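Undergrad: got a predicted structure here, sequence first:
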Amino acid sequence: MAKTRIFLARTPLILALMSVMALAHASDTASAPQTTSLAPVHVEGESLDGYHADTSQMDTFGSFGNAPLQDTPAAITVITRDQIDDRQPRTLSELARSDAALGDSYAPVGYYQDIAIRGYALDLATGYRLNEMSLVGEQPIALEDKQRVEILKGLGGLEAGVVAPGGLVNYVSKRPANVRSATVGTDSHGSRYVAVDVGAWLSPTFGVRVNAAHDGIHSYVDHADGRRNFLSLAADWKISPNATLQLDSNYQASSQRSVSGYQLLGGTVIPAHPSRTRMLGFEPWQQPVGIDASNSTARFDYRLGDHWSAQLSAGHSRAVIDDNVAFAYGCFYSPDCASGATPGNFFAPNGDYDIYDYRSPGEARANDEARAVLKGSFDTGALGHEVSVGTSAFRRTIDRRPYVYDYVGTGNIDQVDPPYFAPSPNQPGLSVRRLTSWQHSVFALDRVHLGEQWQVLAGGRFVRLHERSYDDVGTPERDTRLSKALPQAAVLWQPNARLTAYASYSESLSLGNEAPYWTSNGGTTLAPLLSRQTELGVKYAASDALSMQAALYRIRQPYQFAKPDQTAEGFTFVQLGDERHTGLELNAAGRVTDNLRLTASVNLIQARAQGTGTPSYEGHQVLNVPRLRSAVYLDYRLPFAPGLSLLGGWRYASSNVATPDGMTRVPAYHVFDAGVRYVSSWNHHALTWRLNVDNVFNHFYWRDTGSSGGDSYLFPGAPRLARLSLTVAF
């Protein structure tokens with residue numbers, strides 16, 4: 001249980017009381033000349049909301065004005081530091097288990113990962129943020145220096161402009177504090193983990209915090225061991241009572257072999273005897289994927305008066321990837337596919353697959369963003385207004401070398417390791433600029449208070465996009481220019497302080513996908529897409545430490561797919577018809593009793609395409625969107641042993657579509673997790689032991705049927721894995 005000490009002599013209230021007492025003492029000096037020195041006094045308070053959050057950065061600095069989560073007309077999940085510590089996730093895929101609205105979307109072991117929210121994969125260019133500034137999604141995100149992770153479920157057009165309709169993930173950095181702790185850990189495969197968290201207020205106005213970690217990864221997949229080193233620095237400077245500067249910077253270097261996913265046999269059959277520990281396509285010359293990433297943010301806040309404030313923010317994020325893999329893909333060179341009856345972009349019916357030497361070193365992606373916001377409040381007659389107006393500029397660049405992607409041999413999924421094949425003698429070319437993308441935006445929001453019970457939010461973002469792409473030698477290929485106004489509106493009804501009901505409408509713009517190489521227009525990038533969302537929600541604060549919410553939503557955007565046709569390739573990538581995701585979400589988080597806290601969520605979703613001109617693609621769930629997901633995690637502190645807590649979780653997903661016609665599905669699954677946390681002390685140092693066992697019953701399941709570059713893959717879930725850690729406060 002977290003405890004916070006408040007030294008009375010340092011609080012404004014006690015300073016005031018001491019002043020009053022000093023005046024009283026002065027007036028009584030003549031009659032009471034004797035004085036008594038009192039011992040120092042301190043108060044201890046307990047944090048009761050370790051799994052519960054009242055606010056998020058997206059409320060305070062983002063799209064919804066200065067409002068707590070209870071007053072936010074959107075579904076936002078906050079994964080707190082306590083949840084991160086208790087569950088010990090290391091990857092984005094493991095973090096996504098916390099909420100049923102999230103799922104994997106092409107998340108290989110040993111590579112950067114992506115997730116889907118409400119059935120839509122996030123855009124790696126704009127879907128991830130650090131302290132509300134854009135973050136390059138093509139990197140593994142360290143959690144050691146994060147205080148919480150905020151997930152906006154649904155459209156983020158006002159928040160980010162051009163962004164995929166699923167939502168946003170915002171990582172929030174730890175702030176300076178007087179803290180010193182070290183964590184060591186291992187797992188059932190022999191991994192080695194160490195992390196330190198050290199911070200201090202060096203003066204009343206300046207504080208720093210440093211986090212560092214080393215991860216020696218022993219993967220459950222053969223040949224996929226790796227390493228990770230991480231370092232971060234946060235600094236806060238209270239320049240004056242009205243001005244504050246916050247700086248954050250981190251650097252991470254990781255290296256691990258990437259694990260290829262399975263594909264359907266012949267394009268229709270799920271592999272009968274897959275292995276979770278086998279690296280498909282392994283060749284001893286395969287180098288690890290190396291990712292060096294750095295991320296920095298700066299925010300300056302200035303209070304202009306009692307009712308107005310200004311904020312200037314900037315962020316820089318860069319990831320450089322040495323992409324290396326002996327890639328298991330397709331069956332173009334397999335005898336079983338030679339006739340052409342089996343699609344070459346799937347594994348062969350007998351389990352054969354082609355192995356490619358893929359090398360793309362020095363892939364550099366960079367995001368830069370600057371933003372200025374003015375916020376204030378005023379009244380017009382009986383109406384109260386809270387307004388936010390601002391402007392932002394965002395640039396993304398990609399530099400890449402012409403890669404090597406050469407066939408070297410054919411393996412089979414039943415082989416422990418495929419035969420040895422010599423690597424390609426070819427080498428990558430010189431690095432060139434492949435993409436430059438600019439977004440310039442202005443945005444505004446007005447929250448109008450209509451008495452005590454009603455609020456109306458109205459706002460929008462006007463975005464101007466200019467994007468240029470280039471070929472392998474730097475010749476311009478595409479020049480996209482567009483301007484679009486993206487409105488957002490909501491109505492809130494609050495009959496009392498604990499209950500909020502809302503209805504909202506929003507629009508967002510997302511970039512079109514690139515056509516797969518095996519379609520007639522392969523390599524062509526389709527036009528940007530307009531997404532629309534309507535949402536009805538209810539939020540209820542059962543107590544100060546337990547919140548519940550329900551949301552009914554519909555998201556609609558044009559359907560992008562490879563349409564069967566009479567071309568020589570047999571498919572053309574198009575935008576035709578609509579893809580509609582209609583869902584119901586239920587969430588609860590916080591403390592139920594003095595000894596029990598939980599997070600629980602359910603997501604029921606119907607995701608279908610219509611009007612596509614391809615009847616077999618309609619009337620069923622779209623790819624990689626289970627109809628039902630649920631996630632529950634419990635923390636129960638034993639009454640007879642206050643230092644000992646039992647942890648447990650349950651995850652469920654219904655059957656998941658793996659082909660566009662809906663005829664092939666992977667089975668539903670239940671996964672159970674368990675753990676214990678023990679808090680004690682040694683020599684006046686707090687000790688916290690944590691033991692987690694994920695997938696207690698070692699159940700096999702397919703966690704992901706997502707796609708990348710238009711190709712579909714199947715990724716099995718991890719086998720049983722135990723993690724043990726010890727955190728020492730010093």
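TA: Looks like it came in fine.
Undergrad: let me see the contact set for the residue nearest to the spatial centre of the chain.
TA: Geometric centre of the chain, nearest residue: residue 169, 4.0 Å, by CA atoms, centre = their mean. Neighbour list for residue 169: 115, 122, 127-129, 149-152 [criterion: CB atoms under 8 Å, 6 or more residues apart in numbering]. C-beta: built from backbone N, CA, C; applies to glycine.
Undergrad: among those, which lie within strands?
TA: Judged by DSSP state E, strands contain the following of the contacts of residue 169: 115, 128-129, 149-152.
Undergrad: before we move on, the earlier item: could you dump the contacts of residue 169 to JSON lines with neighbour count, pLDDT and distance to residue 87?
TA: Below are the contacts of residue 169 laid out as JSON lines (neighbours: other CB atoms under 10 Å; pLDDT from 0 to 100; distance: CB to CB, whole Å):
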{"residue": "115", "neighbour count": "26", "pLDDT": "95", "distance to residue 87": "16"}
{"residue": "122", "neighbour count": "24", "pLDDT": "95", "distance to residue 87": "21"}
{"residue": "127", "neighbour count": "25", "pLDDT": "95", "distance to residue 87": "22"}
{"residue": "128", "neighbour count": "24", "pLDDT": "97", "distance to residue 87": "20"}
{"residue": "129", "neighbour count": "29", "pLDDT": "97", "distance to residue 87": "22"}
{"residue": "149", "neighbour count": "24", "pLDDT": "97", "distance to residue 87": "12"}
{"residue": "150", "neighbour count": "23", "pLDDT": "96", "distance to residue 87": "17"}
{"residue": "151", "neighbour count": "24", "pLDDT": "96", "distance to residue 87": "15"}
{"residue": "152", "neighbour count": "27", "pLDDT": "95", "distance to residue 87": "21"}
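Undergrad: what segments of the chain are helices?
TA: All helices of the chain, identified by DSSP state H, fall at 12-27, 57-60, 81-87, 92-95, 157-160.
Undergrad: low-confidence ranges in this protein?
TA: Applying pLDDT under 70 to the chain picks out residues 1-49, 58-66.
Undergrad: okay, domains of the chain per the record?
TA: 1-28+41-46, 47-729 (automatic domain parsing).
Undergrad: residue 522 contacts residue 567, correct?
TA: No - if you go by CB atoms under 8 Å, residue 522 and residue 567 don't touch, sitting 10.9 Å apart.
Undergrad: the two: which is more packed in?
TA: Each of residue 522 and residue 567 has its neighbours counted (other CB atoms under 10 Å); residue 522 has more, 16 against 12.
Undergrad: contact partners for the more buried one?
TA: Residue 522 touches 515-516, 569, 573, counting by CB under 8 Å, 6+ apart.
Undergrad: most neighbours among these, which one is it?
TA: Going by other CB under 10 Å, residue 573 tops these with 24 neighbours.
Undergrad: and the closest residue to it other than its chain neighbours, what are its phi and psi?
TA: Leaving aside its sequence neighbours, residue 573 sits nearest to residue 515 (CB to CB, 6 or more residues apart in numbering; 3.4 Å). Per-residue torsions, residue 515: phi -70, psi 140 (degrees, to the nearest 10).
Undergrad: do residue 108 as well
TA: Backbone geometry at residue 108, expressed as degrees, to the nearest 10, gives phi -70, psi 150.
Undergrad: how near is it to residue 365?
TA: Separation of residue 108 from residue 365 (CB to CB, to the nearest Å) stands at 18 Å.
Undergrad: swap in residue 428?
TA: The gap separating residue 428 from residue 365 is 17 Å, by CB to CB.
Undergrad: higher neighbour count, these two?
TA: In this view residue 428 and residue 365 are compared by other CB under 10 Å, and residue 365 has more residues nearby, 23 against 16.
Undergrad: tell me which other helices or strands the longest strand seen in the chain touches.
TA: If you go by DSSP E, the chain has its longest strand at strand 352-380. Helices and strands touching strand 352-380, by 3 or more CB pairs under 8 Å, 6 or more residues apart in numbering; DSSP states H and E, are strand 133-134, strand 308-329, strand 383-400, strand 404-412.
Undergrad: burial of residue 684, as a residue count?
TA: Residue 684 - counted by other CB under 10 Å - has 7 other residues nearby.
Undergrad: from residue 70, how far out is it?
TA: Between residue 684 and residue 70 the computed distance is 40 Å (CB to CB).
Undergrad: go on, residue 703?
TA: 33 Å.
Undergrad: go on, residue 106?
TA: For residue 106 relative to residue 70 (CB to CB), the value is 35 Å.
Undergrad: what about those two, which has more around it?
TA: Per other CB under 10 Å, whichever of residue 106 and residue 70 has more neighbours is residue 106, with 24 against 19.
Undergrad: which residue ranges of the stretch 401-550 of the chain form strands?
TA: Along the stretch 401-550 of the chain, counting by DSSP state E, counting those that start in this stretch, strands occupy 404-412, 432-450, 454-470, 476-496, 499-510, 529-543, 546-564.
Undergrad: format those strands as TSV; extra columns: mean neighbour count and distance to residue 204.
TA: Shown next, in TSV, are the strands of the stretch 401-550 of the chain (neighbours: other CB atoms under 10 Å; distance: least, CB to CB, whole Å):
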stretch	mean neighbour count	distance to residue 204
strand 404-412	18	57
strand 432-450	18	34
strand 454-470	19	38
strand 476-496	15	38
strand 499-510	21	38
strand 529-543	19	34
strand 546-564	20	34
